[in-house]
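Chemist: Generate coordinates for the sequence data below:
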Amino acid sequence: MENYSEELKVALEGLKSSNPQERRSAVETIGFSGEITEHVAKLLVSRLADTDKGVRDAVSVALINLDNPMIGALVVPFVSSTDISIRNLAGEVLLKKGLSIVNDMLDYLDKGDDDDKKFIIDILGLIGDQTPATKILEILHSTENENVVLACIEALGNIKCEQGVAEIIKFYTVSELYSPTIIEALGKIGSDEALQFIMQKFHDVDELTKFSMIESFGLIGNEESFFLILSDLRNLNGPTAWAAVETLNMLKDKLSLDVPYDEHMKNAILKTLNEGDVRFKRAA
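Modeler: Presented below is the predicted three-dimensional model:
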């Protein structure tokens with residue numbers, strides 16, 4: 001303690017106070033102290049499980065702003081908390097720390113249970129760095145938990161993992177549950193292999209999956225997918241038709257194509273204007 005400033009020494013003592021206001025004030029003081037030692041980081045992180053919500057919130061803000069290489073490794077185990085508020089707070093800190101703690105999360109993947117794996121993989125996907133791709137693909141092949149499978153597929157889409165396209169496609173016939181997430185992920189990845197697969201399956205899917213496919217075409221579609229949607233317009237209803245109008249509008253602009261104003265197109269536009277959500281009405 002002798003190397004710490006008097007203010008920091010007082011704050012570290014304040015963390016032990018029975019008064020939550022004093023503990024919160026102590027956390028805020030530490031948070032403004034700049035770089036911290038491993039010892040201080042451990043004391044601070046332990047307060048993520050404080051009984052007072054205000055203290056926990058102050059801790060999360062401090063950890064996000066402070067710079068210490070130990071923070072990631074210290075925070076990750078809190079994703080295993082049975083208290084959902086603590087778990088979510090840990091997730092918020094990890095997400096905000098971003099690239100700097102990706103390896104810490106990867107190291108924890110083999111220690112947690114399936115719920116922990118899903119939680120961490122979701123965060124890794126949101127961070128968007130491709131470093132976790134190999135580990136996520138490994139878990140995708142080894143897990144038998146449907147929620148973990150879905151998290152892996154979604155994360156591979158979020159990090160735009162082209163090497164994962166063939167592996168994601170293998171799960172398409174495993175369960176109908178996976179289909180919409182697979183299509184959404186392939187749409188985010190956007191490779192030619194992904195686009196060809198989506199077009200190949202277009203006429204064989206349910207409405208929910210077709211909706212995801214049409215949205216994906218808006219991101220990665222080509223002239224062939226533009227005319228594929230046009231040819232199926234007469235069979236589309238409700239939100240799927242709204243999505244078709246939006247995607248056709250996007251592809252029209254992107255590829256400099258003309259939209260034929262026939263009866264099917266007119267009906268789809270009118271239905272979207274009358275019934276669609278605001279974003280689809282704008283496209284119509």
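Chemist: Helices along the stretch 151-284 of the chain, start to end?
Modeler: 165-170, 179-189, 192-201, 207-220, 223-232, 238-255, 263-275, 278-283 (DSSP state H, counting those that start in this stretch).
Chemist: mind listing what's buried in the third one?
Modeler: By neighbour count on 16 or more other Cβ atoms under 10 Å, the buried set for helix 192-201 is 194, 195, 197, 198, 199, 201. Glycine gets a C-beta too; all of them are placed from N, C-alpha and C.
Chemist: List just the nearest of those residues to residue 10.
Modeler: Minimum distance to residue 10 across the buried residues of helix 192-201 is 57.3 Å, recorded for residue 194 (Cβ to Cβ).
Chemist: Run through the neighbouring helices and strands of whatever helix or strand residue 115 lives in.
Modeler: According to DSSP states H and E, residue 115 maps onto helix 114-127. On a contact count with 3 or more Cβ pairs under 8 Å, 6 or more residues apart in numbering; DSSP states H and E, helix 114-127 meets helix 84-97, helix 102-108, helix 133-142, helix 146-158.
Chemist: hmm, back to that, looking at the helices of the stretch 151-284 of the chain, spot the one closest to residue 70.
Modeler: helix 179-189 (33.2 Å).
Chemist: Touching the closest one from outside, list them.
Modeler: 150, 153-154, 156-158, 160-162, 164-165, 168-169, 171-172, 194-195, 197-198, 205-206, 208-209, 211-213, 215-217, 219-220 (Cβ atoms under 8 Å, 6 or more residues apart in numbering).
Chemist: Just the angle for it relative to helix 146-158, thanks.
Modeler: Angle of helix 179-189 versus helix 146-158, following axes from the mean of the first three to the mean of the last three Cα atoms, to 10 degrees, is 20 degrees.
Chemist: what's the average pLDDT for helix 179-189?
Modeler: Here helix 179-189 scores 92 as its mean pLDDT.
Chemist: for that helix, the distance to its chain's centre please.
Modeler: In this view, helix 179-189 has its centroid 13 Å away from the chain centroid, taken as Cα atoms, centre = their mean, to the nearest Å.
Chemist: ditto for stretch 238-251
Modeler: 24 Å.
Chemist: buried residues in it?
Modeler: For stretch 238-251, using 16+ other Cβ under 10 Å, the buried residues are 239-251.
Chemist: Stretch 18-30 too?
Modeler: 20, 22, 23, 24, 25, 26, 27, 28, 29, 30.
Chemist: Same check on stretch 121-133?
Modeler: 121, 122, 123, 124, 125, 127, 132, 133.
Chemist: go on, stretch 45-56?
Modeler: Within stretch 45-56, the residues scored as buried using 16+ other Cβ under 10 Å are 45, 47, 48, 50, 55, 56.
Chemist: Please apply the same query to stretch 201-217.
Modeler: 201, 202, 205, 209, 210, 211, 212, 213, 214, 215, 216, 217.
Chemist: Show me the shaky parts of the stretch 1-150 of the chain.
Modeler: 1-2 (pLDDT under 70).
Chemist: 90 instead?
Modeler: Applying pLDDT under 90 to the stretch 1-150 of the chain flags residues 1-10, 31-37, 67-68, 112.
Chemist: that older thread, of all the helices of the stretch 151-284 of the chain, which one is nearest residue 75?
Modeler: That would be helix 179-189 among those, by Cβ to Cβ, at 27.4 Å.
Chemist: relative to helix 207-220, how tilted is that closest one?
Modeler: Using the same axes, to 10 degrees: helix 179-189 against helix 207-220 is 0 degrees.
Chemist: quick one: buried residues of helix 179-189?
Modeler: Across helix 179-189, burial judged by 16+ other Cβ under 10 Å covers 179, 180, 181, 182, 183, 184, 185, 186, 187, 188, 189.
Chemist: would TSV of those residues with distance to residue 104 be doable?
Modeler: Below are these laid out as TSV (distance: Cβ to Cβ, whole Å):
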residue	distance to residue 104
179	33
180	31
181	26
182	29
183	32
184	28
185	25
186	29
187	30
188	25
189	26
